[in-house]
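Participant: Just the structure for this:
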Amino acid sequence: MKKIDKSAYQARLDRITELFENMATHATEQSSFRCPYKNRFNECTAVFGCRNQRKPKKENGLLLCGGDDKLNYQNAWEEGQKPSYHLGWDQSKQAKNESNTTSTQTMNINQTVFDLADSLAVKIPTSCFRTGICHECIVEINQGMEGLVPRTESESFLEGDYRLACQAQVINPDINITFTPLHRKPKILTLAKEKDIALEPVVERHGDNVLYDGEVIDQYRGNLYGLAIDLGTTTVVINFINLETGQSVHLRSFENPQRFGGSSIMHRISYDGKYEGELRKAIINAINKEIEDWCNQAGIRRQEIYEIVVAGNTTMRELFFRLNVQSIGQKPYKSLIEKEYLSGARQTTSLTIGTRRLGLRANPKARVYGAPIIASHVGGDVASDMVAVELATRPGISMLVDVGTNTEVVVAGNGRIITASCPAGPAFEGGGIKYGMPGYEGAIESIKWQDGSFNYNTIGNTAPVGICGSGLIDLLAELRTHNMMSPKGVFSDRKQYELSIVNHAGISFSRQDASNLAQAKAANYCGQYIVMRAFGVSPSQVDQLFLAGGFANYVDINNAIAIGFLPPVPEERIIKVGNASVQGAREILLSRSQRQSINELVRNIEHIELETTPDFFDIFVEACQFKPMPKVLT
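Facilitator: From the prediction side, this is the model:
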């Protein structure tokens, strides 16, 4: 019989005793915080009211417990309210869409905006169980801020009308509260036609090995996927790609949730300087949510995603890659990466970094590639546009206009390329326009003056709630065509400040709206005018004008030309290419050659800072008028 080592035996016995002591201590601590009425499914079995109770997942099911097991649960009992199913919520009132959610429910003290969202069946993201830690549940309070408690410490990074839904508790149930989630689904952007390209992705499979640029990073799990992302200031588009076939398998677009930091690039830069990291966290969380949803829907694992290509303007890209963006907001408007490139410290302005470092939920060894920026605010989204439309290799004179919060203009031909960025602002996306809105359900997308009234079409064919960019361009053109407004934005009745557009819906258009649109239009005009003039061409000499971006895809070309939003290029030469940025990102994802060629191409592009043009102010003043651009530029 083997002799027992008494010292070893005693050591094991002591270890077991320690483990049981720790378990007992933990149980004692838990009993002080975990409510005894919470079952293992986090459901409440109590028959009395508690402020931690949440709407049940199933009809007639037990209430969910929103307690985090970190605070004494007895306080919740002392301040408890009636269970949620006794609050008088009208369960039949389901939100028709997530773009315009309005509370008409009865709210009780200590309920949160998240509770209201639950009652309206509106999905608001969260990953911290509504404790205020993850900062994902940001909403815009459109009405009733005075009916909510002041911002908590968890909300200290928010300003203006923005709140965390889980922290915004009701203090006055008589005040009507309306809110808008930040993560909303716009009208799906049209992709450019997918071209057949030779598949040579950086991620490949050799037998059972998955390689990234020749390095083994994983064993084959059944699929190789990649993501092509167009990271816009206002909207984000994600294209999920099968890297082995090159086919798009899923497309998703949503409003950029970073808008709580401002609607323009400069506002976002300023905000990030004050609350560093919050904007990056918002977009990373949103993309992770899309990845999670798609993986669940397709029945795949996130570990099967091996590369992500991001195309965005300079500020959006650098925020995404955890870089300081303050230098982009100050002359000479250069990012840290561009400065390093110009000094010779870098060979390219493109970026590659691991997904784990950015917090993206993909394969642990997957990498993110940021398309190269060109100069100043002209970023990787324009580089991707150029890839998609093959701008540099086309015969004759080609022009690209990517319309957005920042509109980029490129003119190319005969081995020369010139570009500029126009700070147009968000007016044509609804910003600063009383009844303006992005392209969501209920937005008037086209409008015409007929028989003494405005006839219109809305997205989704629903009741009108506002006017999106394409509708605003139509409206301006119709007002000018029918002499209802002068080129300077003055109504025919000079004393009139506001025109009724849809009387029964209360939608109107004011002189202030016209002024804001005039300045946004003028920025677009100046960029196109100055770049064409610097290249030495007039609109009639442009052989092909490519309109990129979701907004440009829905614009009536003749109306846009009539008010000076687009140059008077013959209509048959104007080509709408949809979301060329995400299409270019797809090609960069699938082709090592495309990746190399665009890196080489951006080195030789001439960049113009518009405000340094000697007659910029004169051009801008002229451009503020709603009239066509001259066919011959001087």
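
Participant: can you list contacts of stretch 599-619?
Facilitator: 332-333, 348-350, 372-376, 378, 383, 386, 392, 410, 416-422, 525-527, 529-531, 534 (C-beta atoms under 8 Å, 6 or more residues apart in numbering). C-beta: built from backbone N, CA, C; applies to glycine.

Participant: my bad, should have said stretch 465-475
Facilitator: Looking at what lies outside stretch 465-475 - C-beta under 8 Å, 6+ apart - the contacts are 100, 428-430, 433, 435-440, 442-448, 454, 456, 459, 501, 505, 507, 509, 517, 551, 554-556, 559-560, 563, 565.

Participant: buried ones in it?
Facilitator: By neighbour count on 16 or more other C-beta atoms under 10 Å, the buried set for stretch 465-475 is Val465, Gly466, Ile467, Cys468, Gly469, Ser470, Gly471, Leu472, Ile473, Asp474, Leu475.

Participant: Show the average pLDDT along it.
Facilitator: The average pLDDT within stretch 465-475 is 93.

Participant: May I have it exported as CSV, CA atoms only?
Facilitator: Output of stretch 465-475 as CSV, limited to C-alpha atoms (Å, rounded to 0.1, in the frame of the first residue of the first chain):
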residue,chain,number,x,y,z
VAL,A,465,-43.5,64.0,-41.3
GLY,A,466,-40.7,66.1,-42.9
ILE,A,467,-38.7,66.6,-46.1
CYS,A,468,-35.4,64.9,-46.9
GLY,A,469,-32.6,66.1,-49.2
SER,A,470,-34.0,65.1,-52.6
GLY,A,471,-37.4,66.6,-51.6
LEU,A,472,-35.7,69.9,-50.6
ILE,A,473,-33.9,70.2,-53.9
ASP,A,474,-37.3,69.6,-55.7
LEU,A,475,-39.0,72.2,-53.5
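
Participant: how distant is that stretch from the center of its chain?
Facilitator: 20 Å (C-alpha atoms, centre = their mean, to the nearest Å).

Participant: so what's Phe320 up against?
Facilitator: Here Phe320 is in contact with Leu231, Arg280, Ile283, Ile284, Val310, Gly312, Leu358, Gly370 (C-beta under 8 Å, 6+ apart).

Participant: one more time with 6 Å, if that's ok
Facilitator: Val310 (C-beta atoms under 6 Å, 6 or more residues apart in numbering).

Participant: What pLDDT is listed against it?
Facilitator: Value for Phe320, per-residue pLDDT: 97.

Participant: Kindly provide the distance from it to Lys274.
Facilitator: As judged by C-beta to C-beta, to the nearest Å, Phe320 and Lys274 stand 19 Å apart.

Participant: try Ile444
Facilitator: With C-beta to C-beta as the criterion, Ile444 and Lys274 are 36 Å apart.

Participant: which of the two has more neighbours?
Facilitator: Per other C-beta atoms under 10 Å, whichever of Ile444 and Lys274 has more neighbours is Ile444, with 26 against 10.

Participant: and the closest residue to that one other than its chain neighbours, what element?
Facilitator: Distances taken as C-beta to C-beta, 6 or more residues apart in numbering put Gly471 closest to Ile444, at 4.1 Å, once the chain neighbours are dropped. Gly471 belongs to helix 469-481 when elements are defined using DSSP states H and E.

Participant: Pop the domain breakdown of this protein in here.
Facilitator: 39-86, 89-181, 203-388 (automatic domain parsing).

Participant: Out of these, which gets the lowest mean score?
Facilitator: Among those, domain 39-86 carries the lowest mean pLDDT (a mean of 60).

Participant: returning to what we had before: please dump the buried residues of stretch 465-475 into TSV; it should also carry distance to Phe546 for every row.
Facilitator: What follows is the buried residues of stretch 465-475, written out as TSV (distance: C-beta to C-beta, whole Å):
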residue	distance to Phe546
Val465	32
Gly466	29
Ile467	26
Cys468	22
Gly469	18
Ser470	18
Gly471	23
Leu472	22
Ile473	18
Asp474	22
Leu475	25
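
Participant: Check these and tell me the two furthest apart.
Facilitator: Farthest apart among these by C-beta to C-beta are Val465 and Ile473. That separation is 18.6 Å.

Participant: Go ahead and flag the most central residue of the chain.
Facilitator: Geometric centre of the chain, nearest residue: Asn256, 1.6 Å, by C-alpha atoms, centre = their mean.
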